[in-house]
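S.K.: Give me a 3D structure for the following:
(chains A and B)
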Number of protein chains: 2
Amino acid sequence: MKDNVLALKVVLANGELMTTARRAKKSSAGYDLTRLIVGAEGTLGVITELTLKLSGIPEAISAGVCPFPSVEAACNAAIATIQSGIPVARIELLDELQVKATNLYSKLALPEVPMLFVEFHGSPAGVAEQAERFGEIARDLSGGPFEWATKPEDRSRLWQARHDAYWAARGLRPGAQALATDVCVPISRLAECVTATQREIAELGLVAPILGHVGDGNFHLSLLVDMNDAAEVKAAKTLCEQLVERALAMDGTCTGEHGVGQGKMKYLAGELGSPALAAMAAIKRALDPDDIMNPGKIVAI
Amino acid sequence: MKDNVLALKVVLANGELMTTARRAKKSSAGYDLTRLIVGAEGTLGVITELTLKLSGIPEAISAGVCPFPSVEAACNAAIATIQSGIPVARIELLDELQVKATNLYSKLALPEVPMLFVEFHGSPAGVAEQAERFGEIARDLSGGPFEWATKPEDRSRLWQARHDAYWAARGLRPGAQALATDVCVPISRLAECVTATQREIAELGLVAPILGHVGDGNFHLSLLVDMNDAAEVKAAKTLCEQLVERALAMDGTCTGEHGVGQGKMKYLAGELGSPALAAMAAIKRALDPDDIMNPGKIVAI
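M.R.: Numbering: from 1, shown residues only, chains lettered A, B, ... in the order given. The predicted structure is shown next:
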């Protein structure tokens, strides 16, 4: 998303209204204030206006669903697709538990194995060719059958499991609290990271379906926790900590999309080192000397 | 380019070595220090290491050249191509003077009118289809004949004028100094901006071929100036100032790629307003309190 933000208007701590950029598609006019503010979680100012890039609706779209024998095979198919230069518009992983949750919630009959959901944009001939080539890659990696379609109603049906994923996950354990977290690793380490995480979820006796934006090496856990069970809450905390440690050990980040807030502040020094943390604190102090903008988040000053 | 930078190592003013990010493709772990440093022109630290995204060599490439009756027609063809969702990998404009310069320098016989140079990446069928669809768009806008090829040697021949553009421009006026500058405007205003600039170049009696990255609304001038002719130097200065004023009046930026340095410092307040300038100065003071990192550039502190 952040790459689609061209410019911002931001109310600063001193009450002034800052414009970060004009409407040109690119600029090298000074420091990139747009990207500094996006992702700052309100700690440097309050965004009051955004200028976004627009993308046309593609002439044609193909979308499909493909089961795989393992998370590793699914991740390898994603990597091979990207490395082949197939311009995949979306490529999402649902792990076996997330598929099971969706079968229950959306009354589907998908095979309860890891699945990739893909979408291609382009000309009618182009999206057909891209889907077919993805299907070949999947087959080579023991995936399939790959089902795909171009008509909107058929695409919606195929992607329903993905669209319902959040509520389906919650439906797995009514009454439990859903704790969402994410990490991101180099794509080459994604299969290993997801597989190790699944193993640990099982060892700790937790329920946590996984959904991954595999093209980015980013994945989300929906931890379904009985907050009245102190042992389970403790196990969930252990899982979250190990998840971050594992991502960092793989040269990844403690969060791909969710942000730092308060919960992940303790990981930043380990991820980036103290000079980066000191630079963030210096920037925060420079732009918000009285610490009035969403204080106590990201970095302590 | 900057979107291809994943992470940096930077020596800061205090002598510390800062790592801005890990190797994950995306992160929301704190302020985006990578993008803050890229484009800071060394004023916040010295980059000593970069981690870059890699892209595979496409399976197939098509490339072509298309003359147009006017800069406006060429720009409209670029806009229509992008709006049609054709994933054009490169789309470059050479104005009539730049084409003339290249004919002389590279011994070509191109029609001396505005020309678009395009390149498409994908599968063999995909790049052929994309080239054909671009050709149809160009024809609808009175462009053509559109010549395109897929073999490397044919593509190199077609793109030679683009590859030789810099030296060809310099060759137009041996002994003159080449002053390079750029601006960037919303794509919808590009034709108007380039045409008005050409008119002013003619009125001021200057020699300045134009090369545009039209997909971004960004274009470069190579001003060929006899530095011993005071009147000409003054006219060149006027042209550069008017160029920026025009870009800003069109909601563009004083520089798309070249940066601010010292020469364009005076435009930043007009482009972004004083709150942005004050924020940049505050960041500079916070990270380089003694002003030892490329002092006197971008923003005065």
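
S.K.: Skipping its backbone neighbours, what lies nearest whichever residue of the stretch 101-250 of chain A sits closest to chain B in space?
M.R.: Going by C-beta to the nearest C-beta, chain B is nearest to residue A:184 of the stretch 101-250 of chain A, at 4.1 Å. Just so you know, the C-beta spots here come from the backbone N, C-alpha and C atoms, and that holds for glycine as well. The shortest distance from residue A:184 to any non-neighbouring residue, by C-beta to C-beta, 6 or more residues apart in numbering or on different chains, is to residue A:256 (3.1 Å).

S.K.: who are the neighbours in contact with that neighbour?
M.R.: By C-beta atoms under 8 Å, 6 or more residues apart in numbering or on different chains, the contact list for residue A:256 reads A:182, A:183, A:184, A:213, A:216, A:217, A:218, A:219, B:24, B:26, B:27, B:28.

S.K.: What ranges does the stretch 51-200 of chain A have for its strands?
M.R.: Here the stretch 51-200 of chain A has its strands, by DSSP state E, counting those that start in this stretch, at A:60-67, A:88-94, A:115-122, A:147-149, A:177-184.

S.K.: and among the ones you listed, the most buried is which?
M.R.: When those are scored by mean count of other C-beta atoms under 10 Å in any protein chain shown, the highest mean neighbour count falls to strand A:115-122 (a mean of 24).

S.K.: Pull it out as CSV, backbone CA atoms only.
M.R.: What follows is strand A:115-122, C-alpha atoms only, in CSV (Å, rounded to 0.1, in the frame of the first residue of the first chain):
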residue,chain,number,x,y,z
MET,A,115,-3.4,-23.7,-1.0
LEU,A,116,-2.2,-20.9,-3.2
PHE,A,117,-4.7,-18.3,-4.4
VAL,A,118,-3.5,-16.4,-7.5
GLU,A,119,-4.7,-13.6,-9.7
PHE,A,120,-3.3,-12.3,-13.0
HIS,A,121,-4.1,-9.0,-14.7
GLY,A,122,-3.7,-8.1,-18.4
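
S.K.: quick one, helices of chain A?
M.R.: A:33-37, A:71-83, A:96-106, A:124-140, A:152-163, A:165-171, A:190-203, A:230-249, A:265-272, A:274-287 (DSSP state H).

S.K.: packing partners for the first one?
M.R.: Spelled out, that is helix A:33-37. For helix A:33-37, the elements it packs on are strand A:5-11, helix B:33-37, helix B:274-287, judged by 3 or more C-beta pairs under 8 Å, 6 or more residues apart in numbering or on different chains; DSSP states H and E.

S.K.: at 10 Å instead, please
M.R.: strand A:5-11, strand A:17-19, strand A:46-52, helix A:274-287, helix B:33-37, helix B:274-287 (3 or more C-beta pairs under 10 Å, 6 or more residues apart in numbering or on different chains; DSSP states H and E).

S.K.: Same check on the fourth one?
M.R.: Using 3+ C-beta pairs under 10 Å, 6+ apart as the contact criterion, the neighbours of helix A:124-140 among helices and strands are strand A:60-67, helix A:71-83, strand A:88-94, strand A:115-122, strand A:147-149, strand B:115-122, helix B:124-140.

S.K.: Which among those is found nearest to residue B:271?
M.R.: Across the helices and strands packed on helix A:124-140, residue B:271 has its closest neighbour in strand B:115-122 (28.5 Å, C-beta to C-beta).

S.K.: just the angle between that closest one and helix B:96-106, please?
M.R.: Relative orientation of strand B:115-122 versus helix B:96-106 (axes from the mean of the first three to the mean of the last three C-alpha atoms, to 10 degrees): 80 degrees.

S.K.: What's opposite the residue of the stretch 101-250 of chain A closest to chain B in the beta bridge?
M.R.: residue A:218, residue A:253 (DSSP bridges).

S.K.: So residue A:123 sits against residue B:86, correct?
M.R.: Yes: using C-beta atoms under 10 Å, residue A:123 is in contact with residue B:86, at 8.1 Å.

S.K.: who touches both of those two?
M.R.: A:59, B:129, B:130, B:133 (C-beta atoms under 10 Å, 6 or more residues apart in numbering or on different chains).

S.K.: I'd like to know which of those residues are buried.
M.R.: For those, a burial check counting by 16 or more other C-beta atoms under 10 Å in any protein chain shown picks out B:129, B:130, B:133.

S.K.: is any part of stretch A:144-164 close to chain B?
M.R.: No: judged by C-beta under 10 Å from any C-beta of the partner chain, stretch A:144-164 makes no contact with chain B; its nearest approach is 14.8 Å.

S.K.: What residues sit buried inside that stretch?
M.R.: Buried residues in stretch A:144-164, counting neighbours by 16+ other C-beta under 10 Å, are found at A:144, A:146, A:148, A:149, A:150, A:155, A:158, A:159, A:160, A:161, A:162, A:164.

S.K.: For stretch A:242-251, give me every contacting residue.
M.R.: Contacts of stretch A:242-251 (C-beta under 10 Å, 6+ apart): A:181-186, A:188-190, A:192-193, A:196-197, A:200-201, A:204, A:208, A:217-219, A:221, A:223, A:252-256, A:263-264, A:266-267, A:270-271, B:7, B:22-24, B:29, B:51.

S.K.: filter those residues to the buried ones?
M.R.: For these, buried by 16+ other C-beta under 10 Å: A:181-186, A:189-190, A:193, A:197, A:200-201, A:204, A:208, A:217-219, A:221, A:223, A:252-256, A:263-264, A:267, A:271, B:7, B:22-24, B:29, B:51.

S.K.: Pull up the gap between the residue nearest to residue A:184 and residue A:95, please.
M.R.: For residue A:256, the distance to residue A:95 (C-beta to C-beta, to the nearest Å) stands at 17 Å.

S.K.: what does residue A:143 give?
M.R.: 14 Å.

S.K.: Quick check: which ranges of the stretch 101-250 of chain A have low pLDDT?
M.R.: Within the stretch 101-250 of chain A, no range satisfies pLDDT under 70.

S.K.: mind listing what the closest residue in space to residue A:94 that isn't next to it in sequence touches?
M.R.: In this structure, residue A:94 finds its nearest non-sequential neighbour in residue A:115, 5.1 Å apart by C-beta to C-beta, 6+ apart. If you count contacts by C-beta under 10 Å, 6+ apart, residue A:115 has them with A:65-68, A:74, A:92-96, A:98-99, A:102, A:143, A:161-162.

S.K.: With residue A:101 instead?
M.R.: A:94-95, A:112, A:161, A:164-173, A:207, A:209, A:222, A:224.

S.K.: Nearest spatial neighbour of it, chain-adjacent residues omitted?
M.R.: In space, residue A:101 is closest to residue A:168, 4.2 Å off (C-beta to C-beta, 6+ apart).

S.K.: got a list of what the one you found touches?
M.R.: A:94, A:98-106, A:108, A:160-162, A:209, A:222.

S.K.: again with residue A:289
M.R.: With contacts defined as C-beta under 10 Å, 6+ apart, residue A:289 is in contact with A:13, A:14, A:301, B:282.

S.K.: Can you tell me which of those lies closest to residue B:78?
M.R.: Using C-beta to C-beta, these come closest to residue B:78 at residue B:282, 38.9 Å.

S.K.: wait, that closest one sits on residue A:36?
M.R.: No: Residue B:282 is beyond contact range of residue A:36, at 11.6 Å (criterion: C-beta under 10 Å).

S.K.: Residues that sit against both of the two, list them.
M.R.: With C-beta under 10 Å, 6+ apart as the test, residue B:282 and residue A:36 both reach A:283, A:287.
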